[in-house]
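In: Sequence and predicted structure below; questions after.
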Amino acid sequence: MKDGSVQVIQAIDEDLLNDCLKMRGEVFVNEKKVPKEIENDQFDYIGGECDHFLIRYNGENAGALRCKRVSDDTMRVQRFCILSKYRGKGIGRLTLFNIEKIYREKDISHIELDSKCSAKDFYLRCGYRQISDVFVEAGVEHVKMSKDI
């Protein structure tokens, strides 16, 4: 999927998955100080319960995310990250737009995610709504958010 200079590429092989994990490691482990044993888990492999996506901006790896089916019509966005040097360029918004399009075409009608409280306004601007009180995950305050697509 490509929109302008943003590409959202599904990881269909180990090389693409490793690129996704590298992006996540740089953001979550190195920058955000999430312990590696929490960031990487049993869903980080090709052909499993999650779809993994690499985000490219102007041909360079800029971020990643994964999506897990939680019901027949609902996907859960997880581990969504953009490298710091690419933030503020609209990449996150375009990525969500593309992910929503991908899953609408697969008869998914609902996306949910857990947002860091510091990122909540970004998701609100993208049409998501807060559906929970604040909770702590990996030592960081989050809220659950959702959107009908």
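Out: Received the coordinates, thanks.
In: Name the residues linked to residue 51 by a beta bridge.
Out: Note on residue 51: beta-bridge partners residue 67, judged by DSSP bridges.
In: Can you report how many residues neighbour it?
Out: Neighbours of residue 51 under the rule other CB atoms under 10 Å: 19. For glycine as for every other residue, the C-beta is placed from the backbone atoms N, C-alpha and C.
In: what's the answer for residue 23, then?
Out: By the criterion of other CB under 10 Å, residue 23 has 21 neighbours.
In: What of residue 98?
Out: Neighbour count of residue 98, defined by other CB under 10 Å: 19.
In: which residues in the chain form helices?
Out: Counting by DSSP state H, residue ranges of the helices within the chain are 14-24, 36-39, 91-104, 120-125.
In: Pick out the shakiest of these, pLDDT-wise.
Out: Among those, helix 36-39 carries the lowest mean pLDDT, at a mean of 86.
In: Need the residues that contact that helix.
Out: When contacts are defined by CB atoms under 8 Å, 6 or more residues apart in numbering, helix 36-39 is touched by residues 24, 25, 28, 29, 79, 138.
In: Same check on stretch 137-149?
Out: Under the contact criterion CB under 8 Å, 6+ apart, stretch 137-149 has outside partners 32, 34-35, 38-39, 100, 103-104, 108-117, 120, 123-124, 126-136.
In: For residue 127, give me phi and psi.
Out: Residue 127 adopts backbone torsions of phi 100, psi 10, taken as degrees, to the nearest 10.
In: is the residue nearest to it when sequence neighbours are not counted in a bridge, and if so with what?
Out: With CB to CB, 6 or more residues apart in numbering as the criterion, residue 127 has its nearest non-adjacent residue at 5.3 Å, and that residue is residue 147. With DSSP bridges applied, residue 147 shows beta-bridge pairing to residue 111.
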